[in-house]
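Participant: Following is a predicted model, sequence given first.
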Amino acid sequence: MSKFKKKNKVSENIPTSALPDIIFMLLFFFMVTTVLREQDLLVEQRLPQATQLQKLEKKSLISYLFVGKPKNPSLYGTEPRIQANDVLINTKDILLWVNQEKDKLSEAERDQITISMKADREVKMGPISDIQFELREADARKLMYASTGKVQD
């Protein structure tokens, strides 16, 4: 004669009405914080094909130099130019640029910096050897030449 009845059914439903809102907030967060391109190219880039490729493991130690004809010849001329970090520089400025790139790294990693040169296939060897000489003067001994995929034999 009890007046209270036991409930045997326990509701195990999880409310899912807020899940789309959470998913869209995460989507917007990643869209806002993701960097798609670090640099805008001011020079033409048609990279040569390589016969042998090697991939580097630690990409945080790589700094990029782009060499090619300017995309805007009326402003910068038609001679090959050097681009470093969204700025066109001369060969004399490479020493300063390398020191700035080394300053961004920790003390232990400064001697491990690798310069990746992305040179257009139409650029003559004269400007490339001038860049190599300036990199030697700046004590940036690790130089990598970027290329596209492997040539099929």
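Facilitator: Sure thing, it's come through.

Participant: okay, CA-based contacts and neighbour counts for the rest of this
Facilitator: Will do.

Participant: ok, residue 94 touching residue 135?
Facilitator: Yes. Residue 94 lies in contact with residue 135 (C-alpha atoms under 8 Å); the separation is 7.0 Å.

Participant: tell me the mean pLDDT over the longest helix belonging to the chain?
Facilitator: If each helix of the chain is counted by residues according to DSSP state H, the longest one is helix 19-33. Per-residue pLDDT over helix 19-33 has a mean of 90.

Participant: May I have that helix as PDB, with CA atoms only?
Facilitator: Backbone C-alpha positions of helix 19-33 (Å, rounded to 0.1, in the frame of the first residue of the first chain) are rendered in PDB as follows:
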ATOM      1  CA  LEU A  19      26.700  20.200 -31.400                       C
ATOM      2  CA  PRO A  20      26.300  22.100 -34.800                       C
ATOM      3  CA  ASP A  21      27.100  25.400 -33.000                       C
ATOM      4  CA  ILE A  22      30.200  23.900 -31.500                       C
ATOM      5  CA  ILE A  23      31.400  22.400 -34.800                       C
ATOM      6  CA  PHE A  24      30.900  25.800 -36.600                       C
ATOM      7  CA  MET A  25      32.800  27.600 -33.800                       C
ATOM      8  CA  LEU A  26      35.700  25.200 -34.200                       C
ATOM      9  CA  LEU A  27      35.600  25.600 -38.000                       C
ATOM     10  CA  PHE A  28      35.700  29.400 -37.800                       C
ATOM     11  CA  PHE A  29      38.500  29.300 -35.200                       C
ATOM     12  CA  PHE A  30      40.700  27.100 -37.500                       C
ATOM     13  CA  MET A  31      39.800  29.200 -40.600                       C
ATOM     14  CA  VAL A  32      40.900  32.400 -38.800                       C
ATOM     15  CA  THR A  33      44.100  31.100 -37.200                       C
END
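
Participant: continuing past that helix, what's the next helix or strand?
Facilitator: strand 49-50 (DSSP states H and E).

Participant: Within the sheet, what are the partner strands of that following strand, with directions?
Facilitator: Strands flanking strand 49-50 in the sheet, each with its direction: strand 148-150 (parallel) (DSSP bridges).

Participant: Report the distance from the partner strand to the chain centre.
Facilitator: Counting by C-alpha atoms, centre = their mean, to the nearest Å, strand 148-150 is centred 18 Å from the centre of its parent chain.
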